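Undergrad: Have a look at this fold, sequence not included:
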Ligand SMILES: [Zn+2]
C-alpha cells in the first residue's frame, strides 16, 4: 500500500478497528517517510454469480428483500430479517470462496428461514426449489414435522 501523499511503499499500522457489522477492518496507517496518516479499509470480497453469468457484490439488503415477500403477513420483524441476512452471509463466507452462485445463496437462506418461520420457509422454498406439485409441498412439510418431533423429543422433561 503506497502512501497516497509521497508514494512511499511502506506504511506502519497505528490503529485497527473492526467495523460495526464485522464485515470490514479499518486501519489507520502512518507513512514513515513523510509522517502523514491515511486510512485503509480491508474487506473480503464476495461476489454472487447470477444464472446469466453476471457477477454482483453480495448484499444483505438483497437477501432481506428476497425473503420479505415470503414473510408477508407472518410475525417476522425487520430485526429478524436483519439477523437472518447476517446468518446467511456468515454461512456463505464460512465456505471460504470469493464467488458463489445465486442459487447457493438461495439454499443458504433456507436453513435460517426454516428456523425463523415455517410458513415463510415453505413459500420461499416453493419458489427456489421449483415446487411443482402438492407432493413437493408434502415432502417439505414432512421434513418440518420430523424436525419438530425431533426437537420435542430432545427437550428435557419438566
Ligand atoms: Zn508519505
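TA: Cool, the structure landed. Just so we're clear, the structure is a prediction, and the values are computed from it rather than from any experiment.
Undergrad: so residue 16 is in which element?
TA: For residue 16, the host element (DSSP states H and E) is strand 12-18.
Undergrad: got it, and residue 51?
TA: Going by DSSP H and E, residue 51 is not part of any helix or strand.
Undergrad: Contacts only, for it.
TA: 102-103 (CB atoms under 8 Å, 6 or more residues apart in numbering). For the C-beta atoms, the positions are set from N, CA and C on the backbone; glycine is no exception.
Undergrad: Name the nearest residue to residue 137, ignoring sequence neighbours.
TA: Distances taken as CB to CB, 6 or more residues apart in numbering put residue 131 closest to residue 137, at 6.0 Å, once the chain neighbours are dropped.
Undergrad: does that neighbour count as helix, strand or coil?
TA: Under DSSP: H, G, I helix; E, B strand; the rest coil, residue 131 falls in the coil class.
Undergrad: Would you agree it is in contact with residue 123?
TA: No. Using CB atoms under 8 Å, residue 131 is not in contact with residue 123; the gap is 9.9 Å.
Undergrad: Looking at those two, which has the bigger crowd around it?
TA: Using other CB atoms under 10 Å as the criterion, residue 131 and residue 123 rank with residue 123 on top: 19 against 16.
Undergrad: Check which helix or strand the more buried one maps to.
TA: Here residue 123 is assigned to helix 118-128, by DSSP H and E.
Undergrad: Low-confidence stretches in the chain?
TA: 20-23, 157-158 (pLDDT under 70).
Undergrad: circling back: next secondary structure after the strand holding residue 16?
TA: strand 24-30.
Undergrad: could you check the angle strand 12-18 makes with whatever helix or strand comes next after that next one?
TA: Next along the chain after strand 24-30, taking DSSP H and E as the criterion, comes strand 37-43. For strand 37-43 against strand 12-18, the angle by axes from the mean of the first three to the mean of the last three CA atoms, to 10 degrees is 50 degrees.
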